[in-house]
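Colleague: Dropping the sequence and predicted coords here.
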Amino acid sequence: MNILFFLTPKGMCSYLNDDDTMRQALERMEGAGFAALPILNKKGEYCGTLTEGDLLWAIKNLCGMDLRQTEDHHIMEIYRRRDNVPVSVTTTMQDLIARASEQNFVPVIDDKNAFIGIVTRRSIMRYCQQHLALEN
């Protein structure tokens with residue numbers, strides 16, 4: 001099976017730009033309802049993952065708990081505890097499942113390193129659930 005079957009395309013994904021401020025990141029996360037979002041640069045390449053936890057620690061450490069200062073800091077200043085590791089479009093299902101077992105979503109990049117979307121752990125689990133139900 002091809003991993004693109006599980007892909008949520010970039011156009012349907014919420015993501016951050018590497019020049020966004022902390023305030024913009026907070027607003028986009030709140031609006032999207034996600035606890036982590038991929039970060040892309042101007043070329044559309046995947047740069048990492050920003051989580052709510054990363055933002056909370058940055059507000060404490062960079063802004064001194066003053067939310068007004070979140071407009072003065074860009075997200076690339078934030079220490080990120082762990083970036084979600086991307087896979088290529090040619091990744092095997094076994095490798096995709098191994099990666100998804102460690103992170104909520106898996107960024108997918110093409111052969112030019114451009115971000116093309118994500119595969120969520122949920123989409124893999126739903127597929128497995130549907131196919132296991134058919135076997136019973």
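Modeller: Yes, it's here.
Colleague: The protein: strands as residue ranges?
Modeller: 8-9, 16-17, 36-40, 46-51, 87-88, 105-109, 115-120 (DSSP state E).
Colleague: Could you dump these into CSV and include mean neighbour count?
Modeller: Just so you know, the C-beta spots here come from the backbone N, C-alpha and C atoms, and that holds for glycine as well. Formatted as CSV, these follow (neighbours: other Cβ atoms under 10 Å):
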stretch, mean neighbour count
strand 8-9, 14
strand 16-17, 19
strand 36-40, 22
strand 46-51, 22
strand 87-88, 16
strand 105-109, 24
strand 115-120, 22
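Colleague: Same list, those, but as CSV with distance to E77 and mean pLDDT please.
Modeller: As requested, those are exported to CSV (distance: least, Cβ to Cβ, whole Å; pLDDT from 0 to 100):
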stretch, distance to E77, mean pLDDT
strand 8-9, 28, 98
strand 16-17, 13, 98
strand 36-40, 12, 98
strand 46-51, 11, 98
strand 87-88, 27, 96
strand 105-109, 21, 97
strand 115-120, 21, 98
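Colleague: R81: which of those is closest?
Modeller: Judged by Cβ to Cβ, the one of those that comes nearest to R81 is strand 46-51, at 7.0 Å.
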